[in-house]
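return a 3D structure for these sequence lines:
(2 chains)
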Amino acid sequence: MADTQTAETDMKILDEVVIQITGMHKWYGSFHVLKDINLTVNRGERIVICGPSGSGKSTMIRCINRLEEHQQGSIVVDGIELTDDLKNIDKIRSEVGMCFQHFNLFPHLTVLENCTLAPIWVRKTPKKEAEETAMHFLSKVKIPDQAAKYPGQLSGGQQQRVAIARSLCMNPRVMLFDEPTSALDPEMISEVLDVMIDLAGTGMTMLCVTHEMGFARKVANRVIFMDGGEIIEQNEPEEFFTNPQSDRTKLFLSQILDH
Amino acid sequence: MTDTSMSSGSYPPGQHPDFPPPKNLVGPMAWIRENLFGSVTDTILTLLAIYILYLIIPNMLEWAVIDAVVDAASRQECREISESGACWALITAQFTKSIYAFYPPDERWRPNLAFILMFVALGPILFDKFPARSKMFFFSIAYPFIAGWLLVGGIGLESVETTQFGGVLLTIVIGVVGIAFSLPIGILLALGRASKLPAMRTLCTVFIEFIRGVPLITLLFVASTMLNYFLPPGTQFDLLLRVLIMVTLFASGYVAEVIRGGLQSMPKGQYEAADAMGLNYWQSMRLIILPQALKVSIPGIVNTFIGLYKDTTLVIIIGLFDVLGIMKSSLSDPEWNGLAAEAYIYTAVFFFISCFAMSRYSIYLENKLHTGHKR
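Residues are numbered from 1 along each chain as shown, chains lettered A, B, ... in the order given. Just a heads-up that it's a prediction; the model follows:
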């Protein structure tokens, strides 16, 4: 993980499909938020999803772990189809890690307890083992010394790194990031991005909603552009940035890259 | 470069050390100046308050302490010793009765023991540093049965009719039972009302709204008279038990609404984070949502409990004599007729001590549970 030089070679994309979304639609009341989404994610892919606000990008990744319910089409995660079956939903959620824009750490628990909670209660890991795992990942995100503190005592960047470590403690097969750096001060963005880049180097499958185009160029193998609830365009980062196909994408890129 | 610093010692940028605050910001004199004589209005109000205290306190002290009589056999005797002082002899004479009321004198060690054991049972629940806490929890769970057995008797103890309960004993029984059982029921009602299941939600909402829409006195009347019409004839259903059930249900309706407020104050992100980890409903409620929701609900919950505790005095309406009822009845005793002030002050002091203790505990708990950034 430390060796970013070899990151390129470690970031192998396997033939195995992890997420398969077919013909998925979603409505909020009568508002059609997601329209005919088709997406296949292979193991090891690092996908960055961008687009203007309200384009449905967050909603889409939140459908993958059923924080939002879709009304049509199918979503299959790791071979399990998302239906109303609560058992399946909990199973998928325990395999899919998620980081939120506002971190959503549990303020009444210490950093360490935040990290061990799900392993202990969902995976039934013995407490001691869960704590060792937690300390391992807290060192990976470079804050092992904050383990005994409460989230309210940490800076935004530290909190987001704890949130990443907390997800990793469940040993997830996929990580979803919902604008992980949007609520951070500029000084703290890079510390979080560094952790995410390291994570990509371990071969983790990642779906990341973000406006950090530098991050997209560096680690993504695919960039998806969404607007009005549809996937407008997807391509390799280099192609995507230098040679966008649709006018909507060109306009979007010119707005975010031109300053 | 503009130099606006006025001190002689200047430091290179980024090297400025922390100085202590100016002297007039700290210490008791600063406090007095800031709080009592902060402005002209403050000064006038302070002086006015001191004058009012000067008018009231000496008279009060004279009546309650200096001229007061502690030992006398009747009101008559009191007045012979002191014309104008308080006759605390009433309290001295009625003290035992105000505590045990009609409980058989030979059996009074039982409520005493139950009262002492109550603290042993409450300790591990209220304080997390209690010795052998996890083992003592079993005692806490067994305590209601032990206390019930001690108070009512049966199985090796002489049985005492609940109609003989009264005074402080009755107040504490109703108060503690109401508090102990209304909290869990209230939590379940609040979760039910916030639930996604329509039948569950409707049921809990109807129950809560019914309880809140009806005065406690009405419920007590229902308990004492009407319940007999609904139950099959000949059913023996203890009056005190019926009162306990009604008081508990009444308080749980209020507790439920307070907790629902706490649940609604929780950011959506906490539910989502708990869900996203794969915790099931009961796990996320117990581990994530309730600890936080209950914490913000503490002032409201304790408020409800204090209200409930004081509402126990209403049982006088259906012929039970709590501490207030006993003191009131002792006023109709010809020996002590007319000492209302003393009787009511005594009752007020009793309630104040109990309620103030609850209030202090809630503050202790809030401080203990505070995990945010506190400077």
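
leaving out the residues flanking it, which one is nearest to the residue in chain B that chain A sits nearest to?
In chain B, the residue that lies nearest chain A is B:Gly278 (3.3 Å; CB to the nearest CB). (Each C-beta comes from the backbone N, C-alpha and C, glycine too.) Spatial nearest neighbour of B:Gly278, chain neighbours left out: A:Ser94 (3.3 Å); criterion: CB to CB, 6 or more residues apart in numbering or on different chains.

specify the local secondary structure of the one you found.
Secondary structure for A:Ser94, judged by DSSP: H, G, I helix; E, B strand; the rest coil, is helix.

how near is it to B:Asp42?
A:Ser94 sits 61 Å away from B:Asp42, going by CB to CB, to the nearest Å.

which one of the two has more residues nearby?
Using other CB atoms under 10 Å in any protein chain shown as the criterion, A:Ser94 and B:Asp42 rank with A:Ser94 on top: 21 against 14.

quick one: A:Val111 and A:Lys149 touch, right?
Yes: using CB atoms under 8 Å, A:Val111 is in contact with A:Lys149, at 5.7 Å.

of the two, who's got more company?
Legend: neighbour count by other CB under 10 Å for A:Val111 and A:Lys149, higher for A:Val111 (28 against 17).

and that one, what does it touch?
The neighbours of A:Val111, taking CB atoms under 8 Å, 6 or more residues apart in numbering or on different chains as the test, are A:Leu105, A:Leu138, A:Ile143, A:Gln146, A:Ala147, A:Ala148, A:Lys149, A:Tyr150, A:Pro151, A:Leu154, A:Val162.

average pLDDT for stretch A:95-102, rounded please.
In this model, stretch A:95-102 has a mean pLDDT of 94.

what sits up against it?
Contacts for stretch A:95-102 (CB under 8 Å, 6+ apart): A:64-65, A:67, A:77-78, A:160, A:163-164, A:167-168, A:170, A:172-180, A:182-183, B:267, B:269, B:272-273, B:276, B:278.

restricted to strands, list those.
With strands taken from DSSP state E, the overlap with those comprises A:Val77, A:Val174, A:Met175, A:Leu176, A:Phe177, A:Asp178.

export those residues as JSON lines, with columns for distance to B:Thr248, pLDDT and neighbour count.
Listed next are these as JSON lines, based on distance: CB to CB, whole Å; pLDDT from 0 to 100; neighbours: other CB atoms under 10 Å in any protein chain shown:
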{"residue": "A:Val77", "distance to B:Thr248": "46", "pLDDT": "93", "neighbour count": "24"}
{"residue": "A:Val174", "distance to B:Thr248": "48", "pLDDT": "94", "neighbour count": "23"}
{"residue": "A:Met175", "distance to B:Thr248": "48", "pLDDT": "95", "neighbour count": "22"}
{"residue": "A:Leu176", "distance to B:Thr248": "45", "pLDDT": "96", "neighbour count": "27"}
{"residue": "A:Phe177", "distance to B:Thr248": "48", "pLDDT": "96", "neighbour count": "27"}
{"residue": "A:Asp178", "distance to B:Thr248": "44", "pLDDT": "95", "neighbour count": "24"}
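
kindly reformat these as CSV containing distance to chain B.
Listed next are these as CSV, based on distance: CB to the nearest CB, whole Å:
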residue, distance to chain B
A:Val77, 12
A:Val174, 12
A:Met175, 11
A:Leu176, 8
A:Phe177, 12
A:Asp178, 10
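
circling back: the residue of chain B closest to chain A: neighbour count?
24.

ok, now how distant is it from A:Ile61?
The value you get for B:Gly278 to A:Ile61, if CB to CB is used, is 17 Å.

okay, buried residues for stretch A:30-37 please.
Residues A:Val33, A:Leu34, A:Lys35, A:Ile37 are the ones in stretch A:30-37 that count as buried (16 or more other CB atoms under 10 Å in any protein chain shown).

about what we covered before: for the residue of chain B closest to chain A, phi and psi?
With angles defined as degrees, to the nearest 10, B:Gly278 shows backbone torsions of phi 90, psi 10.

and it, what pLDDT?
91.

for it, give me its contacts.
A:Asp90, A:Lys91, A:Ile92, A:Arg93, A:Ser94, A:Glu95, A:Ala118, A:Val122, A:Met170.

now do the same contact list for the fourth one.
With contacts taken as CB under 8 Å, 6+ apart, A:Arg93 has the following neighbours: A:Asn65, A:Arg66, B:Asp275, B:Ala276, B:Met277, B:Gly278.

tell me which two in the residues you listed are the farthest apart.
A:Arg66 and B:Met277 (12.6 Å; CB to CB).

okay, the two: which has more neighbours?
Legend: neighbour count by other CB under 10 Å for A:Arg66 and B:Met277, higher for B:Met277 (30 against 22).

that one touches A:Pro172, doesn't it?
No: B:Met277 is beyond contact range of A:Pro172, at 9.8 Å (criterion: CB under 8 Å).

who touches both of these two?
Contacts common to B:Met277 and A:Pro172, judged by CB under 8 Å, 6+ apart, are A:Ser94.

buried set for the worst-scoring helix or strand of chain B on mean pLDDT?
One helix or strand of chain B scores below all others by mean pLDDT, DSSP states H and E: helix B:227-230, with a mean of 74. Neighbour counts over helix B:227-230 (16+ other CB under 10 Å) mark B:Leu227 as buried.

tell me the secondary structure of the residue of the stretch 151-259 of chain A found nearest chain B, please.
The stretch 151-259 of chain A approaches chain B most closely through A:Gly152 (4.0 Å), counting by CB to the nearest CB. Here A:Gly152 takes the helix state, with states given by three-state DSSP.

so it touches A:Pro107, yeah?
Yes: A:Gly152 is within contact range of A:Pro107, at 5.5 Å (criterion: CB under 8 Å).

write out the residues of the stretch 151-259 of chain A neighbouring chain B.
Residues of the stretch 151-259 of chain A lying close to chain B by CB under 8 Å from any CB of the partner chain are A:Gly152, A:Gln153, A:Arg166, A:Met170.

among the residues you listed, which one has the most neighbours?
Top of those by neighbour count (other CB under 10 Å): A:Arg166, with 30 neighbours.

residues in contact with that residue?
When contacts are counted by CB under 8 Å, 6+ apart, A:Arg166 is found next to A:Leu105, A:Asn114, A:Cys115, A:Ala118, B:Met277.

for the residue of the stretch 1-150 of chain A found nearest chain B, give me its contacts.
Going by CB to the nearest CB, chain B is nearest to A:Ser94 of the stretch 1-150 of chain A, at 3.3 Å. Counting by CB under 8 Å, 6+ apart, A:Ser94 makes contact with A:Ala118, A:Val122, A:Arg123, A:Met170, A:Pro172, B:Met277, B:Gly278.

how about these in a markdown table, adding distance to B:Pro299?
A markdown table is the format used below for the contacts of A:Ser94 (distance: CB to CB, whole Å):
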| residue | distance to B:Pro299 |
| --- | --- |
| A:Ala118 | 31 |
| A:Val122 | 33 |
| A:Arg123 | 37 |
| A:Met170 | 36 |
| A:Pro172 | 39 |
| B:Met277 | 30 |
| B:Gly278 | 34 |
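
among those residues, which lie within helices?
A:Ala118 (DSSP state H).

neighbours of residue 54, how many?
Defaulting to chain A. 12.

wait, chain B was what I had in mind.
9.
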